[in-house]
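A.B. asks: sequence-free structure coming up:
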């Protein structure tokens, strides 16, 4: 059974007509999306929302977001019945539509920019609630990946639109590449092999570290080696607010560790929590390591968040998008 493919917009509109929605001509110029970052609108009848299908949605989208100091779910979700799926509700940034009818075969589709732009809409087709739950749970990773990619691309798009070009030029001359920096980010510290770029408000800090060191072999990309190097670099370059304090990697939690690929770029990723030796600051971070284009150095680009008064998930997604935009 093929359960995943990209559905053309015209076909999706026709299928939604069968679901009881009025077929409309897609406008040539789409309106901008609505809704908050990290939010997903679930379109389904109330009885479906309260069935095993709704439970499956909650299991997938409200699973715990990894490596934040306090428990946070991956997404905020809310339910809209099909008869209410009109006007502004169609413009939501992330939509999961549950289409259940006894004539439907089990499958899932992902569509872009159906009613607004940049919008991601996932439709689950199933003959009954149990079958819908099965599709949702089987396609767990693809559902989360589609919404994560959509959130990431929106941040990158805005960073490109409002880029700090001079900052990017400085980083590119030092490290052979650069992410897209929003105009709100400024250089905080810069040495030959280390840069600290930051966006700071009264109560939050979103920071980017970029550093490099000579490549000697693949053993440098193990979890243990990357954490040890990170601690060495942080001690030297990132002091805390108290004398003798400096950033470290939380020594109790085992960092998440993955080999990843994004838009053709291969890198090793670590996620964990940072804290401050001899101080009380801390928060989440995400770190990507890869070889330089000439193969001579290991480049590490890291995003971290300090937001003691707030949840961290959305701030972390923003710095993650920036470091993923390396080019």
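C.D. replies: In hand now; what should we look at? Keep in mind it's a predicted model, so treat the numbers as computed, not measured.

A.B. asks: and the protein, what are its domains?
C.D. replies: Listed by automatic domain parsing, the domain ranges of the chain are 4-158, 163-324.

A.B. asks: Go through those domains and find the least confident stretch.
C.D. replies: Confidence, taken as mean pLDDT, is least for domain 4-158 of the domains of the chain (a mean of 89).

A.B. asks: roughly how far is that one from the heart of the chain?
C.D. replies: The chain centroid and the centroid of domain 4-158 are separated by 17 Å under C-alpha atoms, centre = their mean, to the nearest Å.

A.B. asks: Which is the succeeding secondary structure element to the helix or strand hosting residue 302?
C.D. replies: With elements delineated by DSSP states H and E, residue 302 resides in strand 297-306, which encompasses its position. Tracing the chain past strand 297-306, the next element assigned as helix or strand by DSSP H and E is helix 313-324.

A.B. asks: all strands of the stretch 151-300 of the chain, in order?
C.D. replies: 186-190, 194-200, 205-214, 246-249, 256-262, 265-277, 282-291, 297-306 (DSSP state E, counting those that start in this stretch).

A.B. asks: Switch those over to TSV; also include mean neighbour count and distance to residue 225.
C.D. replies: For the C-beta atoms, the positions are set from N, CA and C on the backbone; glycine is no exception. As requested, the strands of the stretch 151-300 of the chain are arranged in TSV below (neighbours: other C-beta atoms under 10 Å; distance: least, C-beta to C-beta, whole Å):
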stretch	mean neighbour count	distance to residue 225
strand 186-190	14	24
strand 194-200	19	18
strand 205-214	20	11
strand 246-249	20	12
strand 256-262	12	11
strand 265-277	18	10
strand 282-291	22	9
strand 297-306	23	10
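
A.B. asks: hmm, back to that, now the angle between helix 313-324 and the strand holding residue 302, please.
C.D. replies: Relative orientation of strand 297-306 with respect to helix 313-324: 160 degrees, computed using axes from the mean of the first three to the mean of the last three C-alpha atoms, to 10 degrees.

A.B. asks: I figured residue 60 hits residue 137, correct?
C.D. replies: Yes - using C-beta atoms under 8 Å, residue 60 is in contact with residue 137, at 7.0 Å.

A.B. asks: Which one of those two is surrounded by more residues?
C.D. replies: residue 60 (20 against 15; other C-beta atoms under 10 Å).

A.B. asks: which other residues reach the strand or helix carrying the more buried one?
C.D. replies: For residue 60, the enclosing helix or strand under DSSP H and E is helix 52-61. Judged by C-beta atoms under 8 Å, 6 or more residues apart in numbering, the contacts made with helix 52-61 from elsewhere in the structure are 40, 42, 44, 48, 73-75, 77, 79, 96, 98, 100, 124, 126, 129-130, 132-134, 136-137, 140, 143-144, 147.

A.B. asks: Kindly recompute the last result at 10 Å.
C.D. replies: 40, 42, 44-49, 73-77, 79, 94, 96, 98, 100, 124, 126, 128-141, 143-144, 147 (C-beta atoms under 10 Å, 6 or more residues apart in numbering).

A.B. asks: Flag every buried residue along that helix.
C.D. replies: By neighbour count, with 16 or more other C-beta atoms under 10 Å as the criterion, the buried positions of helix 52-61 are 52-54, 56-57, 60-61.

A.B. asks: For my notes, please list those in TSV and give distance to residue 178 for each entry.
C.D. replies: Formatted as TSV, the entries for the buried residues of helix 52-61 read as follows, by distance: C-beta to C-beta, whole Å:
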residue	distance to residue 178
52	47
53	44
54	44
56	41
57	38
60	35
61	33
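
A.B. asks: List the residues that contact residue 217.
C.D. replies: Residues in contact with residue 217, defined by C-beta under 10 Å, 6+ apart, are residue 225.

A.B. asks: my bad, should have said residue 148
C.D. replies: When contacts are taken as C-beta under 10 Å, 6+ apart, residue 148 is in contact with 74-75, 120, 317, 320-321.

A.B. asks: Kindly report the same for residue 304.
C.D. replies: Contacts were defined as C-beta under 10 Å, 6+ apart; by that measure residue 304 touches 198, 205-209, 234, 238, 247, 273-274, 282-287, 312, 315-316, 319.

A.B. asks: List the beta-bridge partners for it.
C.D. replies: With DSSP bridges applied, the residues forming beta bridges to residue 304 are residue 207, residue 285.

A.B. asks: Residue 136 and residue 247, how far apart?
C.D. replies: To residue 247, residue 136 is 40 Å away according to C-beta to C-beta, to the nearest Å.

A.B. asks: Need the single longest helix in the protein, by residues.
C.D. replies: helix 140-161 (DSSP state H).

A.B. asks: Next, the angle helix 52-61 makes with that helix.
C.D. replies: When the same axes, to 10 degrees is applied, the directions of helix 140-161 and helix 52-61 differ by 50 degrees.

A.B. asks: residues of helix 140-161 that come out buried?
C.D. replies: Under the neighbour-count rule (16+ other C-beta under 10 Å), helix 140-161 has 143, 146-148, 150-152, 154-156, 159 buried.

A.B. asks: same check, this time on stretch 165-178
C.D. replies: Using 16+ other C-beta under 10 Å as the burial criterion, the residues of stretch 165-178 that qualify are 167-168, 170-171, 174-175, 177-178.
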